[in-house]
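[1] Quick one: sequence plus predicted model below, questions after.
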Amino acid sequence: DIQMTQSPSSLSASVGDRVIITCRASQGIDTNVNWYQQQPGKAPKVLIYAASIVQSGVPPRFSGSGSGTDFALTISSLQAEDFATYYCQQTYNSPPTFGQGTRVDLK
Amino acid sequence: QVQLVQSGTEVQKPGASVKLSCKASGYTFTRFYLTWVRQAPGQGLQWMGGINPNLGTTTYARQFQGRVTMTRDTSTSTVYMELSSLRSEDTAVYFCARLTGDSDGLNWFDPWGQGTLVTVSS
(Lines give C-alpha, C1' and ligand atoms only; values in the text may rest on other atoms or scores of the structure.)
Protein backbone atom coordinates (compact mmCIF):
# COMPACT_ATOMS: atom_id res chain seq x y z
CA ASP A 1 0.00 0.00 0.00
CA ILE A 2 1.14 3.56 -0.65
CA GLN A 3 1.90 5.46 2.54
CA MET A 4 1.04 9.14 2.76
CA THR A 5 3.01 11.07 5.35
CA GLN A 6 1.65 14.45 6.31
CA SER A 7 3.41 17.17 8.22
CA PRO A 8 3.03 18.75 10.59
CA SER A 9 0.52 16.68 12.54
CA SER A 10 -0.75 19.89 14.13
CA LEU A 11 -0.08 23.59 13.98
CA SER A 12 -1.22 26.74 15.71
CA ALA A 13 -1.82 29.81 13.60
CA SER A 14 -3.56 33.16 13.64
CA VAL A 15 -6.17 34.62 11.33
CA GLY A 16 -4.38 36.04 8.31
CA ASP A 17 -1.43 33.65 8.50
CA ARG A 18 -0.17 31.72 5.50
CA VAL A 19 -0.31 28.01 6.24
CA ILE A 20 1.40 25.22 4.34
CA ILE A 21 0.73 21.52 4.94
CA THR A 22 2.84 18.95 3.16
CA CYS A 23 2.27 15.36 2.18
CA ARG A 24 4.84 12.85 0.95
CA ALA A 25 3.94 9.62 -0.85
CA SER A 26 5.99 6.45 -0.41
CA GLN A 27 6.20 6.11 -4.19
CA GLY A 28 5.51 8.29 -7.22
CA ILE A 29 1.81 8.96 -7.76
CA ASP A 30 1.80 11.58 -10.54
CA THR A 31 -0.88 14.09 -9.50
CA ASN A 32 -3.30 11.61 -7.92
CA VAL A 33 -3.60 13.52 -4.66
CA ASN A 34 -6.65 15.06 -3.07
CA TRP A 35 -7.01 17.31 -0.04
CA TYR A 36 -9.97 17.26 2.36
CA GLN A 37 -11.06 19.52 5.18
CA GLN A 38 -12.90 18.08 8.15
CA GLN A 39 -14.65 20.22 10.72
CA PRO A 40 -15.32 18.62 14.13
CA GLY A 41 -18.31 16.29 13.99
CA LYS A 42 -18.68 16.66 10.24
CA ALA A 43 -17.85 14.63 7.17
CA PRO A 44 -14.73 15.48 5.19
CA LYS A 45 -15.13 17.84 2.28
CA VAL A 46 -12.90 17.89 -0.79
CA LEU A 47 -10.94 21.12 -1.27
CA ILE A 48 -8.41 20.18 -3.94
CA TYR A 49 -8.35 17.24 -6.34
CA ALA A 50 -5.75 16.09 -8.84
CA ALA A 51 -3.11 17.86 -6.73
CA SER A 52 -3.95 21.40 -7.80
CA ILE A 53 -7.55 21.74 -9.00
CA VAL A 54 -9.70 23.72 -6.60
CA GLN A 55 -13.13 22.19 -6.11
CA SER A 56 -16.02 24.38 -7.18
CA GLY A 57 -17.20 26.58 -4.33
CA VAL A 58 -13.93 26.42 -2.40
CA PRO A 59 -12.42 29.84 -1.64
CA PRO A 60 -9.39 30.80 -3.77
CA ARG A 61 -7.20 31.16 -0.68
CA PHE A 62 -6.83 27.37 -0.88
CA SER A 63 -4.32 26.02 -3.39
CA GLY A 64 -2.51 22.75 -4.02
CA SER A 65 0.76 21.90 -5.67
CA GLY A 66 3.14 19.06 -6.37
CA SER A 67 3.54 15.91 -8.39
CA GLY A 68 5.39 12.64 -8.02
CA THR A 69 5.98 12.17 -4.30
CA ASP A 70 5.77 15.64 -2.73
CA PHE A 71 2.62 17.69 -2.39
CA ALA A 72 1.45 20.77 -0.51
CA LEU A 73 -1.77 22.43 0.52
CA THR A 74 -1.48 26.19 1.03
CA ILE A 75 -3.95 28.49 2.74
CA SER A 76 -2.86 31.96 1.72
CA SER A 77 -4.63 33.88 4.49
CA LEU A 78 -6.18 31.77 7.23
CA GLN A 79 -9.76 32.61 8.13
CA ALA A 80 -11.71 31.71 11.28
CA GLU A 81 -13.68 29.03 9.44
CA ASP A 82 -10.47 27.30 8.32
CA PHE A 83 -9.62 25.95 11.76
CA ALA A 84 -10.14 22.25 11.08
CA THR A 85 -8.28 19.04 10.30
CA TYR A 86 -6.86 18.50 6.82
CA TYR A 87 -6.12 15.18 5.12
CA CYS A 88 -4.29 14.29 1.96
CA GLN A 89 -5.31 11.18 0.02
CA GLN A 90 -3.83 9.25 -2.88
CA THR A 91 -6.02 7.57 -5.46
CA TYR A 92 -3.17 6.46 -7.70
CA ASN A 93 -3.85 2.84 -6.90
CA SER A 94 -5.96 0.70 -4.63
CA PRO A 95 -6.33 0.86 -1.73
CA PRO A 96 -6.77 4.61 -1.58
CA THR A 97 -4.90 5.83 1.45
CA PHE A 98 -4.98 8.96 3.58
CA GLY A 99 -2.37 10.92 5.44
CA GLN A 100 -2.71 10.94 9.21
CA GLY A 101 -4.16 14.46 9.23
CA THR A 102 -3.05 17.95 10.22
CA ARG A 103 -5.01 19.80 12.85
CA VAL A 104 -4.99 23.57 12.46
CA ASP A 105 -6.00 25.47 15.57
CA LEU A 106 -5.96 28.98 16.89
CA LYS A 107 -2.72 30.29 18.32
CA GLN B 1 -28.31 18.27 -5.53
CA VAL B 2 -26.12 15.21 -5.16
CA GLN B 3 -26.60 13.82 -1.69
CA LEU B 4 -25.79 10.74 0.37
CA VAL B 5 -27.91 10.16 3.46
CA GLN B 6 -26.86 7.52 5.96
CA SER B 7 -28.78 5.55 8.55
CA GLY B 8 -28.75 6.42 12.24
CA THR B 9 -26.59 5.68 15.24
CA GLU B 10 -26.04 2.06 16.22
CA VAL B 11 -25.06 0.43 19.49
CA GLN B 12 -24.01 -3.19 19.26
CA LYS B 13 -22.49 -5.82 21.51
CA PRO B 14 -19.16 -7.48 20.79
CA GLY B 15 -19.58 -10.37 18.39
CA ALA B 16 -22.71 -8.95 16.80
CA SER B 17 -23.11 -7.59 13.27
CA VAL B 18 -24.23 -4.19 12.08
CA LYS B 19 -25.69 -3.19 8.72
CA LEU B 20 -25.54 0.45 7.68
CA SER B 21 -27.25 2.11 4.75
CA CYS B 22 -26.39 4.99 2.47
CA LYS B 23 -29.10 6.37 0.19
CA ALA B 24 -28.04 8.31 -2.88
CA SER B 25 -30.02 11.02 -4.64
CA GLY B 26 -29.53 13.73 -7.22
CA TYR B 27 -27.65 11.64 -9.78
CA THR B 28 -27.82 8.35 -11.67
CA PHE B 29 -27.06 5.81 -8.96
CA THR B 30 -25.51 3.17 -11.19
CA ARG B 31 -22.92 5.51 -12.73
CA PHE B 32 -20.66 6.07 -9.74
CA TYR B 33 -18.71 3.77 -7.47
CA LEU B 34 -19.52 4.14 -3.77
CA THR B 35 -17.01 3.62 -1.00
CA TRP B 36 -17.01 3.28 2.77
CA VAL B 37 -14.51 5.02 5.05
CA ARG B 38 -14.35 4.80 8.82
CA GLN B 39 -12.92 7.06 11.50
CA ALA B 40 -12.26 5.82 15.01
CA PRO B 41 -12.59 8.41 17.81
CA GLY B 42 -9.84 10.99 17.49
CA GLN B 43 -8.23 9.10 14.63
CA GLY B 44 -7.76 9.46 10.89
CA LEU B 45 -9.63 8.13 7.88
CA GLN B 46 -9.50 4.49 6.86
CA TRP B 47 -10.86 3.16 3.57
CA MET B 48 -12.87 -0.04 4.00
CA GLY B 49 -13.88 -0.86 0.46
CA GLY B 50 -16.39 -0.06 -2.20
CA ILE B 51 -19.07 -1.28 -4.55
CA ASN B 52 -19.92 -0.77 -8.20
CA PRO B 53 -23.68 -0.08 -7.99
CA ASN B 54 -24.22 -1.09 -11.59
CA LEU B 55 -22.62 -4.53 -11.45
CA GLY B 56 -22.73 -5.15 -7.71
CA THR B 57 -19.04 -6.03 -7.70
CA THR B 58 -17.05 -5.17 -4.61
CA THR B 59 -13.51 -4.50 -3.45
CA TYR B 60 -12.61 -4.75 0.20
CA ALA B 61 -9.58 -3.55 2.12
CA ARG B 62 -7.40 -6.42 3.18
CA GLN B 63 -7.95 -5.92 6.89
CA PHE B 64 -11.73 -6.20 6.57
CA GLN B 65 -11.94 -9.13 4.17
CA GLY B 66 -14.03 -11.91 5.65
CA ARG B 67 -15.87 -9.51 7.97
CA VAL B 68 -17.39 -6.94 5.64
CA THR B 69 -20.08 -7.26 2.99
CA MET B 70 -21.23 -4.44 0.74
CA THR B 71 -24.42 -4.70 -1.27
CA ARG B 72 -26.73 -2.40 -3.15
CA ASP B 73 -30.41 -2.05 -4.02
CA THR B 74 -30.79 -0.27 -7.33
CA SER B 75 -34.55 0.12 -6.84
CA THR B 76 -33.96 2.44 -3.89
CA SER B 77 -30.51 3.80 -4.85
CA THR B 78 -29.11 2.52 -1.58
CA VAL B 79 -25.86 0.80 -0.69
CA TYR B 80 -25.36 -1.23 2.45
CA MET B 81 -22.30 -2.12 4.49
CA GLU B 82 -22.48 -5.00 6.93
CA LEU B 83 -19.64 -5.58 9.39
CA SER B 84 -19.66 -8.77 11.43
CA SER B 85 -17.88 -10.10 14.51
CA LEU B 86 -17.79 -6.63 15.97
CA ARG B 87 -15.19 -5.75 18.57
CA SER B 88 -14.60 -2.63 20.62
CA GLU B 89 -12.00 -1.43 18.09
CA ASP B 90 -14.80 -1.15 15.51
CA THR B 91 -16.29 1.75 17.44
CA ALA B 92 -16.11 4.53 14.88
CA VAL B 93 -18.00 6.85 12.60
CA TYR B 94 -18.65 5.19 9.25
CA PHE B 95 -18.94 7.35 6.14
CA CYS B 96 -20.06 6.50 2.65
CA ALA B 97 -18.62 8.58 -0.17
CA ARG B 98 -19.05 8.69 -3.92
CA LEU B 99 -16.02 8.15 -6.12
CA THR B 100 -16.02 11.05 -8.56
CA GLY B 101 -13.60 11.30 -11.44
CA ASP B 102 -12.56 13.17 -14.54
CA SER B 103 -11.66 12.23 -18.09
CA ASP B 104 -7.99 11.90 -17.17
CA GLY B 105 -8.74 9.03 -14.80
CA LEU B 106 -8.18 11.08 -11.65
CA ASN B 107 -10.54 10.30 -8.79
CA TRP B 108 -11.65 11.82 -5.52
CA PHE B 109 -14.36 11.25 -2.93
CA ASP B 110 -17.26 13.65 -3.27
CA PRO B 111 -19.78 13.99 -1.75
CA TRP B 112 -19.70 12.20 1.59
CA GLY B 113 -22.60 11.04 3.69
CA GLN B 114 -23.08 12.61 7.10
CA GLY B 115 -21.64 9.59 8.89
CA THR B 116 -23.07 6.92 11.18
CA LEU B 117 -21.70 6.38 14.67
CA VAL B 118 -21.34 2.74 15.61
CA THR B 119 -20.54 1.98 19.24
CA VAL B 120 -19.50 -1.54 20.19
CA SER B 121 -19.85 -2.12 23.89
CA SER B 122 -20.97 -4.85 26.22
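    Arrived safely. Numbering: from 1, shown residues only, chains lettered A, B, ... in the order given.
[2] Just want the most central residue of chain A.
    Chain A has A:Trp35 as the residue nearest its centroid, 3.8 Å off, counting by CA atoms, centre = their mean.
[3] Hmm, A:Thr74 and that one touching each other?
    No: A:Trp35 is beyond contact range of A:Thr74, at 10.1 Å (criterion: CB atoms under 8 Å). The way it works is simple: take the backbone N, C-alpha and C, and place the C-beta from them, glycine included.
[4] which neighbours do these two share?
    Common contact partners of A:Trp35 and A:Thr74 (CB atoms under 8 Å, 6 or more residues apart in numbering or on different chains): A:62, A:64.
[5] Model confidence at the residue nearest to the centre of chain A, what's the number?
    The per-residue pLDDT reported for A:Trp35 equals 98.
[6] which bits of chain B sit near chain A?
    Contact residues (CB under 8 Å from any CB of the partner chain) of chain B with chain A: B:35, B:44-47, B:59, B:61-62, B:95, B:97, B:102, B:104, B:106-115.
[7] Show me just the buried residues among those.
    The neighbour-count test (16 or more other CB atoms under 10 Å in any protein chain shown) marks B:35, B:44-47, B:59, B:61, B:95, B:97, B:106-115 as buried among these.
[8] Residue 15: neighbouring residues, count only.
    Picked chain A for this. Residues lying near A:Val15 (other CB atoms under 10 Å in any protein chain shown) number 12.
[9] Please refer instead to chain B.
    Counted with other CB under 10 Å, residues neighbouring B:Gly15 total 11.
[10] and it, what does it touch?
    So B:Gly15 contacts B:85-87 (CB under 8 Å, 6+ apart).
[11] Quick check: strands, which of the residues you listed are part of them?
    Using DSSP state E, no member of the contacts of B:Gly15 falls in strands.
[12] Let me know the closest of those to B:Gln1.
    Closest approach to B:Gln1 among those (CB to CB): B:Leu86, at 33.7 Å.
[13] Provide a list of residues in contact with the closest one.
    B:12-18, B:118, B:120.
[14] Could you do A:Gln89 as well?
    A:4, A:33-36, A:96-99, B:45, B:108-109.
[15] now the contacts of B:Gly15 as JSON lines including pLDDT?
    JSON lines is the format used below for those (pLDDT from 0 to 100):
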{"residue": "B:Ser85", "pLDDT": "98"}
{"residue": "B:Leu86", "pLDDT": "98"}
{"residue": "B:Arg87", "pLDDT": "98"}
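[16] State the helix or strand in which the residue minimising distance to the centre of chain B lies.
    Centroid check for chain B by CA atoms, centre = their mean gives B:Trp36 as the closest residue, at 2.9 Å. Assigned by DSSP states H and E, B:Trp36 belongs to strand B:34-39.
[17] Determine the next helix or strand in the C-terminal direction from that strand.
    Following strand B:34-39 in sequence, per DSSP H and E, is strand B:46-51.
[18] Quickly run through the sheet partners of the following helix or strand past that following strand, with directions.
    Using DSSP H and E, the next helix or strand after strand B:46-51 towards the C-terminus is strand B:58-60. When sheet partners are counted by DSSP bridges, strand B:58-60 sits next to strand B:46-51 (antiparallel).
[19] The partner strand: how far from the chain's middle?
    7 Å (CA atoms, centre = their mean, to the nearest Å).
[20] With adjacent residues omitted, what lies nearest to the residue of chain B positioned farthest from its centre?
    In chain B, counting by CA atoms, centre = their mean, B:Asp104 sits farthest out from the average C-alpha position, at 25.5 Å. Of all residues not flanking B:Asp104 in the chain, A:Ala50 sits nearest, at 7.4 Å (CB to CB, 6 or more residues apart in numbering or on different chains).
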